[in-house]
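In: Fold the stuff below for me.
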Amino acid sequence: MKSIGRTLIFTALTSMLLAPLLPAVEQGFIPLLDREHTTGWKQAGPGNVSMEDGSVTTSSPKGHGVFWYSPKVFNDFILKLEFRATQREFNSGVFIRFPAPRLDATMPDTKGNEVAIADGLNDDRPTGSIYHFQDSSSAPMKRGDWNEFEITCIGNRVVVKLNGKSINDFTGLQHPTGFIGLQCHSRGPVQFRNIRIKDLSASQQPLPILDAQPLTLDPKQPLLETFSQLAPNASAWVLAALDEGVPPNVRQNLTYLREDLLDEYKQKPKASQDAYKLAHQLCSTMIAALDERDQTLVRAGFRAVQADANSSTSGNQALNARRNYMMSWPQYAREESQRAELRSAAANQSQVMKEQPKVEWSTRTAALRRTLDSLYAQFREALRQSPATK
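Out: Numbers count the residues shown, from 1 in each chain. Take a look at the predicted model:
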């Protein structure tokens, strides 16, 4: 009994000691960053990021960077995290729904949205503001202590709470999906910990085509009618820009849907043969477009590696061949200047090579969009003209 009593006392004491450091277990939330979860985070652009005991500190001596969670994109969600400033002047932010930044650290700001974290000095937007769009109300922030953000995104609306108080409600988010990241600002540092997220997309299931599992359809509704509702959404994913995340199951769901449509037509058709033929053709065209998109991504990756290799060696061999111990200082200085110009030109050429696949895909999607829109219009007309649907 004494041993059991000591164990219970030790367990209770441990829980008390860890309570300020670990969040309570919250149903449906997935940890992104804490003591036991530190992988999957990447740095883009300038900035210093240090991680210790489950918390991360972001800052940037020059320019702005982003520390982002790379394994997956999020649509609708509740994001919770704690942050703390370690000096009087500070600036950071939480980026939401932005494309993969790769080498472009401005992308989270230009193609996503930032929930600001700042001291309010130097004309900064107050903490909780949707940067560029809407300031927050008075922020109940604890100076020098941990504060909790709760950021809820549903559709194009975001609600921000700071330490349990609602301070911003904004409608007009730029994108329906994207990554999550932390800003590295020149006026840091700011610390973050206990970052966790509740994905609301799967529970709401507004569009089955985006489910992680094969389609679960309403047996009371004809499959052809379901497809007519899903097709525009699937088409948007198929034609997404290369730097936007696309759920990996879209192709799988389209394949299942195409075969199930054939089964429905053979067993108990709900419309004309033309409607089913066009639906099948539309599915096949979208699957082919997804395959083309994947091939373009592979080419983009190869070109990026090739561009980096070229930029690191371009022009250096000729200059190195001319160097020797008899070279004068003015000549050496001139060659260093030439080397810097070559590096700059190579870097510019490298960036052009990396961006070229995006331009090519953008041009290609214009033609694909016309094809998909035309097929969808024909399918809808066949559905309307079908005697079985009247």
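In: Show me what the host helix or strand of residue 84 is packed up against.
Out: In the assignment (DSSP states H and E), residue 84 maps to strand 77-85. Using 3 or more C-beta pairs under 8 Å, 6 or more residues apart in numbering; DSSP states H and E, the elements in contact with strand 77-85 are strand 91-98, strand 147-154, strand 190-199. C-beta here means a position set from N, CA and C on the backbone, and glycine is covered the same way.
In: ok, then the element right after the host helix or strand of residue 31?
Out: If you go by DSSP H and E, residue 31 is part of strand 30-33. Sequence order places strand 41-44 as the next helix or strand after strand 30-33, per DSSP H and E.
In: got the buried residues for the helix or strand that that following strand is followed by?
Out: For strand 41-44, the following helix or strand on the C-terminal side (DSSP H and E) is strand 48-52. Buried residues in strand 48-52, defined by neighbour count with 16 or more other C-beta atoms under 10 Å: residue 49.
In: Give me the next element, helix or strand, following strand 48-52.
Out: From strand 48-52, the next helix or strand downstream (DSSP H and E) is strand 55-59.
In: can you pull the buried residues of that next one?
Out: Using 16+ other C-beta under 10 Å as the test for burial, strand 55-59 gives 55, 56, 57, 58, 59.
In: same deal with stretch 53-73?
Out: Of the residues in stretch 53-73, 54-60, 64-70, 73 count as buried by neighbour count, 16+ other C-beta under 10 Å.
In: Tell me the one of those nearest residue 107?
Out: Closest approach to residue 107 among the buried residues of stretch 53-73 (C-beta to C-beta): residue 66, at 8.2 Å.
In: Isn't that closest one up against residue 105?
Out: Yes: counting by C-beta atoms under 8 Å, residue 66 touches residue 105, with 5.5 Å between them.
In: With respect to per-residue confidence, which of the buried residues of stretch 53-73 is lowest?
Out: Lowest in pLDDT among the buried residues of stretch 53-73 is residue 60, which has 67.
In: Tell me if I'm right that residue 143 and residue 84 touch.
Out: No: assessed by C-beta under 8 Å, residue 143 is found out of contact with residue 84, at 9.5 Å.
In: Counting neighbours, go ahead and name the busier of those two.
Out: Between residue 143 and residue 84, residue 84 has the larger neighbour count (other C-beta atoms under 10 Å), namely 18 against 9.
In: any idea of the pLDDT on the more buried one?
Out: pLDDT recorded at residue 84 is 89.
In: what pairs with it across the strands?
Out: Beta-bridge partners of residue 84, counted by DSSP bridges, are residue 191.
In: Also the one 10 residues further on?
Out: Per DSSP bridges, residues listed as beta-bridge partners of residue 94: residue 115, residue 182.
In: And for the one 4 residues further on?
Out: With DSSP bridges as the criterion, residue 98 is bridged to residue 179.
In: Please report the number of neighbouring residues for it.
Out: Look at residue 98: counted by other C-beta under 10 Å, it has 27 neighbours.
In: dump the residue contacts of it.
Out: Contacts for residue 98 (C-beta atoms under 8 Å, 6 or more residues apart in numbering) come out as 68, 107, 108, 109, 111, 112, 113, 175, 178, 179, 181.
In: Residue 133 contacts residue 113, correct?
Out: Yes: the criterion here is C-beta under 8 Å, and residue 133 meets it with residue 113 at 7.4 Å.
In: More neighbours: those two, which one.
Out: The neighbour comparison of residue 133 against residue 113 (other C-beta under 10 Å) goes to residue 113, with 26 against 16.
In: Quick check: pLDDT value at the more buried one.
Out: Turning to residue 113, the model gives it a pLDDT of 91.
In: and what of the one 4 residues further on?
Out: Among the per-residue scores, residue 117 shows a pLDDT of 88.
In: for it, phi and psi?
Out: phi -130, psi 110 (degrees, to the nearest 10).
In: pLDDT value on the nearest residue to it once chain neighbours are set aside, please?
Out: Leaving aside its sequence neighbours, residue 117 sits nearest to residue 92 (C-beta to C-beta, 6 or more residues apart in numbering; 4.5 Å). pLDDT for residue 92: 85.
In: one step back: export the helices and strands packed on strand 77-85 to a markdown table and append columns for distance to residue 295.
Out: Converted to a markdown table, those look like this (distance: least, C-beta to C-beta, whole Å):
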| stretch | distance to residue 295 |
| --- | --- |
| strand 91-98 | 25 |
| strand 147-154 | 32 |
| strand 190-199 | 30 |
